[in-house]
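**Q** Model the following, please.
(one chain, ligands or ions: 3)
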Amino acid sequence: MESKEWSSGVWTHLTSVRRQSPLVQCITNLVSMDLVANTLLSAGASPAMVHSVAEVPDFTPHIHALCVNVGTLTPDWLPSMKAAAELASQLGKPWVLDPAAVSCSGFRLKACLELVELKPSVIKGNGSEIIALSGSASQCQTKGADSSHESTEAVEAAKSLALSSGAVVAVSGAVDIVTDGKRVVGVHNGTKMMQKITATGCSLAGLVAAFLAVDPLHPLEATVSAMSVFGIAGELGEELANGPASLRMHLIDSLYGLDETTVLSRVRITRLG
Ligand SMILES: Nc1ncnc2c1ncn2[C@@H]1O[C@H](COP(=O)(O)OP(=O)(O)O)[C@@H](O)[C@H]1O
Ligand SMILES: Cc1ncsc1CCOP(=O)(O)O
Ligand SMILES: [Mg+2]
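**A** Ligands and ions are numbered 1, 2, ... in the order given. Down below sits the predicted model:
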């Protein structure tokens, strides 16, 4: 299956997000809250940064998807992440785990492994994060939020994590990799300068949650679509940008304005395995 066959699905997913405006609960890191929320709004979704454990029982039953991101994790945030994830899984609502900077401490790695036990629909990380979370720690050199691996170096780790967890695993990078453990799909949209804006990876995880909300039975396809859409917005944004700060603005504008002709002509997706 090549780009042409994927592209109509990508457009359908985006129009469904715009039409349905799914409510996406985000328990995300302090760095990313603004960009994640603005990314979701530009795509047509409705973000809610509701992260107190006291609010989970009332709020989480009403959401359409959840995104949990451990980028600035502290011990007092973990119970709300777990409570929301557990409730989402119980209620059959899709949720995404972003194991941001998972290898920076034993505390964070343990927390992420416990969250994986709560059955995320999708785990989205960069190459180093997916290698670390899959248990291939000897290969892992990073201690922070940026990857020291190409996404393509994490394909086997991603497949193994997908099979052991039951989640679709998405690895962002120059080529975004998405796998359910059997199929492996590459999304070739995006631009290198997106790495120079903090929280683009986090925003992508939030966007994946919104796309899952409108197609929960096809997590691999929904994830591929979200990654392609975000990458296309980055490509269009870069054409108007002078550097990372203006790319941040133009990426959001481009995502908001994406039309069918642009999506159909720009989608670059290939089956890798
Ligand atoms: N070299 C690259 N070329 C094209 N797109 C890229 C490149 N690096 C990252 N991206 C894009 O930037 C976004 C954030 O990915 P990434 O930087 O891997 O996340 P994180 O910030 O979590 O490390 C994704 O949409 C990804 O496709
Ligand atoms: C810089 C930083 N530090 C902790 S979380 C965070 C943001 C990471 O965002 P992303 O994973 O999207 O680069
Ligand atoms: Mg990240």
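**Q** The closest residue to ligand 1 within the chain: neighbour count?
**A** Nearest residue of the chain to ligand 1 (CB to the nearest ligand atom) works out as residue 201 at 1.9 Å. Placement of C-beta: from N, CA and C, glycine included. If you count neighbours by other CB atoms under 10 Å, residue 201 ends up with 25.
**Q** dump the residue contacts of it.
**A** Neighbour list for residue 201: 98, 100, 124-126, 145, 172 [criterion: CB atoms under 8 Å, 6 or more residues apart in numbering].
**Q** ok, which of these also contact ligand 1?
**A** 126, 172 (CB under 6 Å from any ligand atom).
**Q** buried subset of the contacts of residue 201?
**A** 98, 100, 124-126, 145, 172 (16 or more other CB atoms under 10 Å).
**Q** what two of these are the furthest from one another?
**A** 124 and 145 (13.3 Å; CB to CB).
**Q** Next, format the contacts of residue 201 as JSON lines and append pLDDT and secondary structure.
**A** Shown next, in JSON lines, are the contacts of residue 201 (pLDDT from 0 to 100; DSSP: H, G, I helix; E, B strand; the rest coil):
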{"residue": "98", "pLDDT": "98", "secondary structure": "strand"}
{"residue": "100", "pLDDT": "98", "secondary structure": "coil"}
{"residue": "124", "pLDDT": "98", "secondary structure": "strand"}
{"residue": "125", "pLDDT": "98", "secondary structure": "strand"}
{"residue": "126", "pLDDT": "97", "secondary structure": "strand"}
{"residue": "145", "pLDDT": "95", "secondary structure": "coil"}
{"residue": "172", "pLDDT": "98", "secondary structure": "strand"}
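**Q** and which of the contacts of residue 201 is nearest ligand 3?
**A** Using CB to the ion, residue 100 comes nearest to ligand 3 of these, at 4.5 Å.
**Q** What about that closest one? Give its phi and psi, please.
**A** phi -60, psi 130 (degrees, to the nearest 10).
**Q** Reduced to three states, what does the closest residue to it other than its chain neighbours come out as?
**A** The spatially closest residue to residue 100, leaving aside those adjacent along the chain, is residue 71, at 3.6 Å (CB to CB, 6 or more residues apart in numbering). Three-state call for residue 71 (DSSP: H, G, I helix; E, B strand; the rest coil): coil.
**Q** neighbours around residue 71, how many?
**A** Other residues close to residue 71 by other CB under 10 Å number 22.
**Q** my guess is it contacts residue 102, does it?
**A** No - between residue 71 and residue 102 no contact is recorded; they are 9.7 Å apart, counting by CB atoms under 8 Å.
**Q** Now do the helices in this protein.
**A** 3-20, 33-43, 56-59, 78-90, 106-117, 127-133, 155-165, 200-214, 219-240, 244-257, 260-266 (DSSP state H).
**Q** Out of the ones you listed, which is closest to ligand 2?
**A** helix 200-214 (3.1 Å).
**Q** ok, the closest one near ligand 3 or not?
**A** Yes - Helix 200-214 comes into contact with ligand 3 (CB under 5 Å from the ion), by way of residue 201.
**Q** Let me know whether that helix sits next to ligand 2.
**A** Yes - on the criterion CB under 6 Å from any ligand atom, helix 200-214 is in touch with ligand 2 at 200-202.
**Q** Go through the residues you listed and say which is closest to residue 40.
**A** Looking across those and measuring by CB to CB, the closest to residue 40 is residue 202, at 11.2 Å.
**Q** For that closest one, give me its contacts.
**A** Residue 202 touches 28-29, 31-32, 35-36, 69, 71, 98, 100, counting by CB under 8 Å, 6+ apart.
**Q** now with 10 Å?
**A** 26, 28-29, 31-33, 35-36, 39, 67, 69, 71, 98, 100, 124, 145 (CB atoms under 10 Å, 6 or more residues apart in numbering).
**Q** and ligand 3, which of the residues you listed reach it?
**A** Of the contacts of residue 202, the ones that also sit near ligand 3 (CB under 5 Å from the ion) are residue 100.
**Q** Need the worst-confidence member of the contacts of residue 202.
**A** Taking those together, the minimum pLDDT is found at residue 145 (95).
**Q** Was I right to think it contacts residue 31?
**A** Yes - counting by CB atoms under 10 Å, residue 145 does reach residue 31; the two are 8.2 Å apart.
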